[in-house]
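Visitor: Below are the sequence and a predicted model; questions follow.
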Amino acid sequence: MTIFRPLTRRSFLSGTAAAGAVILLHPFSARAQANQAHLRIMETTDIHVNVLPYDYYGDKPNDTMGLSRTATLIDAVRREATNAMLVDNGDFLQGNPMGDYVAYERGMKEGDIHPVIKAMNLLGYEASTLGNHEFNYGLSFMDKVLAGANFPFVCANLVRGTQLASNPREDSLYIKPYMIIEKTLKDGAGAEHPIKVGIIGFVPPQIMIWDSKNLTGNVMTRDIVETARAWVPQIKEEGADIVIALSHSGIDIGTGDMMENASFHVAGVEGIDAVFTGHQHLVFPGKKDFQGLAGVDTEKGTLQGKPAVQAGFWGSHMGLIDLLLDRDGNSWKVVSATSEARPIYERVDGKNNPLVGDDQRIVDELKPEHEATLAYVRRPVGKTSAPLYSYFALVADDPSVQVVSQAQTWYVKDLLKDSQWKDLPVLSAAAPFNRHSPSGLPLDFKLA
């Protein structure tokens, strides 16, 4: 059980100076009365091992990414909040050369701590769900990574084995479907009260297609919304005051079974109070994405009237849902909510300007892995007998594009070699988006 300490003037001022940001009191904190509490729930999603603000592909710093930057936003909210929680929405394990370095070169032994988990442990997450990219390196690798976390993982629609039960609640699940966190909230009058927060997680069912090589015969998946409808009543029966969904699934108002982006419909499940989304690498609420969709309020940040957030990708944003809770007898209910996605940078005059600095704890903790990854990506892996360039790629055959296409063909053929499609011809398309002049590439080249 976590007991939150009151925010003093001294800690407020020192926290503001440390974070390098101006802290504004949320209206819920100002309005909360006796038997009312303001709970702030923060989200990260789709980190993809981008723990530091560094582009390993370009081998240069990048102010648009990095959990170490998002961590500064998280710290600022914690300093200003009486009651706060931090959750992750999945896709943290794969996505950049640091992830590949650990998976393919360093490896994971029993007891090893993955660098992204090192950073997450420092930040004190209370729960996470699994994203589709957690499975890219295989189940055994994922299991070793999860074992190093100081926080639990939940996923209600990942079933162990090859059989689905007649009811989702009877499935043999790979990890816990949900958890109930018991916390102590401080209300508007300073009194402390217990609360039970239910957290349920979901992964896109399509992992069975995307990672069939790793998953077929080992696990199965269920429809997200069907699973939510089955488990949420049990969470409430076990005493959860509020239920939040960690839905590693995007926002789509379409209908159908086994939807990849089902978070809109998750919000419609009775008993769910707030939805944390991800997977699409978009931002919600906001002025750019999801405009004009019925039941989606991009200004208020609601899906079917429920508060929701999607916090970009690679640490570009921190998702934040603020709940004003009212205590009725011995239970709590949500009486008001706001949602926002806070960025770590802004785009001004064609340039990316950072809005926050790094959490130095993460930078220091990951220095060995960062330096090892730099050595990994800077190591030449091949040599050409002639220059590779893509200057004429739009009008003629080009060797640099052909190298990519041939690599894609080899990879797909290897994936299909033990399947029913092993004898089918494989076609590959490679697009020359970045064109370089004949002098633009050296004879010795690196592949990330």
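Guide: That came through, no problem.
Visitor: From now on I want contacts and neighbour counts done on CA atoms only, so please keep to that.
Guide: Fine.
Visitor: Provide the secondary structure category for residue 315.
Guide: Assigned with DSSP: H, G, I helix; E, B strand; the rest coil, residue 315 falls in the coil class.
Visitor: Let me know whether it touches residue 49 as I believe.
Guide: No - using CA atoms under 8 Å as the test, residue 315 is too far from residue 49 to be in contact (9.5 Å).
Visitor: I'd like to know which elements the host helix or strand of residue 180 is packed against.
Guide: Element membership of residue 180, judged by DSSP states H and E, is strand 178-186. Where contact means 3 or more CA pairs under 8 Å, 6 or more residues apart in numbering; DSSP states H and E, strand 178-186 is packed against strand 2-3, strand 36-44, strand 192-202.
Visitor: Can you list the strands that it pairs with?
Guide: strand 2-3 (parallel), strand 192-202 (antiparallel) (DSSP bridges).
Visitor: how about the helices in this protein?
Guide: 9-19, 27-31, 67-80, 97-100, 115-123, 139-147, 207-210, 212-215, 224-237, 263-267, 360-365, 367-378, 399-416 (DSSP state H).
Visitor: Quick check: beta-bridge partners of the closest residue to residue 195 other than its chain neighbours?
Guide: Ranked by CA to CA, 6 or more residues apart in numbering and with sequence neighbours excluded, the top spatial neighbour of residue 195 is residue 183, at 5.4 Å. Judged by DSSP bridges, the bridge partners of residue 183 are residue 2, residue 195.
Visitor: Would you mind confirming that residue 183 is in contact with residue 192?
Guide: No - assessed by CA under 8 Å, residue 183 is found out of contact with residue 192, at 10.0 Å.
Visitor: Point out the most buried one among the strands paired with strand 178-186.
Guide: strand 192-202 (a mean of 23; mean count of other CA atoms under 10 Å).
Visitor: Extract the C-alpha set from that strand and format it as CSV.
Guide: The C-alpha trace of strand 192-202 is given here as CSV (Å, rounded to 0.1, in the frame of the first residue of the first chain):
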residue,chain,number,x,y,z
GLU,A,192,-6.7,9.6,4.2
HIS,A,193,-8.9,6.9,2.8
PRO,A,194,-8.3,3.5,1.1
ILE,A,195,-9.0,2.9,-2.5
LYS,A,196,-8.8,-0.2,-4.8
VAL,A,197,-7.8,0.5,-8.4
GLY,A,198,-8.4,-2.4,-10.8
ILE,A,199,-6.0,-2.6,-13.8
ILE,A,200,-6.7,-4.9,-16.8
GLY,A,201,-4.5,-5.2,-19.9
PHE,A,202,-4.9,-6.2,-23.5
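Visitor: List the contacts of that strand.
Guide: If you take CA atoms under 8 Å, 6 or more residues apart in numbering as the criterion, strand 192-202 is touched by 127-130, 154-158, 177-187, 224, 232, 235-236, 239-249, 331-332.
Visitor: For ChimeraX, write the selection for the buried entries among those residues.
Guide: The following ChimeraX line selects those of the contacts of strand 192-202 that are buried, judged by 16 or more other CA atoms under 10 Å:
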select :127,128,129,130,154,155,156,157,158,177,178,179,180,181,183,184,185,186,187,224,232,235,236,240,241,242,243,244,245,246,247,248,249,331,332
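Visitor: what pLDDT does the residue nearest to residue 412 when sequence neighbours are not counted get?
Guide: Spatially, and ignoring its direct neighbours in sequence, residue 412 is nearest to residue 426 (7.6 Å; CA to CA, 6+ apart). We have a pLDDT of 95 for residue 426.
Visitor: For residue 214, see how far away residue 426 is.
Guide: Residue 426 is 21 Å from residue 214, where distance means CA to CA, to the nearest Å.
Visitor: got it, and residue 114?
Guide: Per CA to CA, residue 114 is found 20 Å from residue 214.
Visitor: quick one, which of these two is more surrounded?
Guide: residue 114 (25 against 18; other CA atoms under 10 Å).
Visitor: that older thread, can you say which of the helices and strands packed on strand 178-186 is nearest to residue 273?
Guide: strand 192-202 (9.8 Å; CA to CA).
Visitor: Report the rounded mean pLDDT for that closest one.
Guide: pLDDT averaged over strand 192-202 gives 97.
Visitor: Stretch 222-238 too?
Guide: pLDDT averaged over stretch 222-238 gives 98.
Visitor: what comes up buried for that stretch?
Guide: In stretch 222-238, the ones that count as buried by 16+ other CA under 10 Å are 222-229, 231-232, 235-236.
Visitor: residue contacts, residue 131?
Guide: Residues in contact with residue 131 (CA under 8 Å, 6+ apart) are 46, 89-92, 203-204, 248, 279.
Visitor: how's this protein carved up into domains?
Guide: What automatic domain parsing lists as the domains of the chain is 2-371, 383-445.
Visitor: looking at those, which is buried most?
Guide: domain 2-371 (a mean of 20).
Visitor: give me every residue that touches residue 214.
Guide: For residue 214, the contact set (CA under 8 Å, 6+ apart) comprises 135-139.
Visitor: Next, format those as a markdown table and append pLDDT.
Guide: As requested, the contacts of residue 214 are exported to a markdown table (pLDDT from 0 to 100):
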| residue | pLDDT |
| --- | --- |
| 135 | 98 |
| 136 | 97 |
| 137 | 97 |
| 138 | 97 |
| 139 | 98 |
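Visitor: closest to residue 327 among the residues you listed?
Guide: Among the contacts of residue 214, residue 135 lies closest to residue 327 (CA to CA), at 40.8 Å.
Visitor: Can you pick out the most distant pair from the contacts of residue 214?
Guide: Taking CA to CA as the measure, the contacts of residue 214 span a maximum distance of 8.4 Å, between 136 and 139.
Visitor: which stretches of the stretch 51-200 of the chain have low pLDDT?
Guide: Within the stretch 51-200 of the chain, no stretch has pLDDT under 70.
Visitor: The same query, at a cut-off of 90, please.
Guide: 58, 80 (pLDDT under 90).
Visitor: sorry, back to before: with just CA atoms, put the strand holding residue 180 into CSV.
Guide: Extracted C-alpha coordinates of strand 178-186, given in CSV (Å, rounded to 0.1, in the frame of the first residue of the first chain):
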residue,chain,number,x,y,z
TYR,A,178,-5.7,-8.0,-14.1
MET,A,179,-4.6,-6.8,-10.7
ILE,A,180,-6.2,-4.7,-7.9
ILE,A,181,-3.9,-2.1,-6.4
GLU,A,182,-4.7,-1.0,-2.9
LYS,A,183,-3.7,2.6,-2.3
THR,A,184,-4.3,5.4,0.2
LEU,A,185,-5.7,8.6,-1.1
LYS,A,186,-5.6,12.0,0.6
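Visitor: could you give the angle of that strand to helix 224-237?
Guide: 50 degrees (axes from the mean of the first three to the mean of the last three CA atoms, to 10 degrees).
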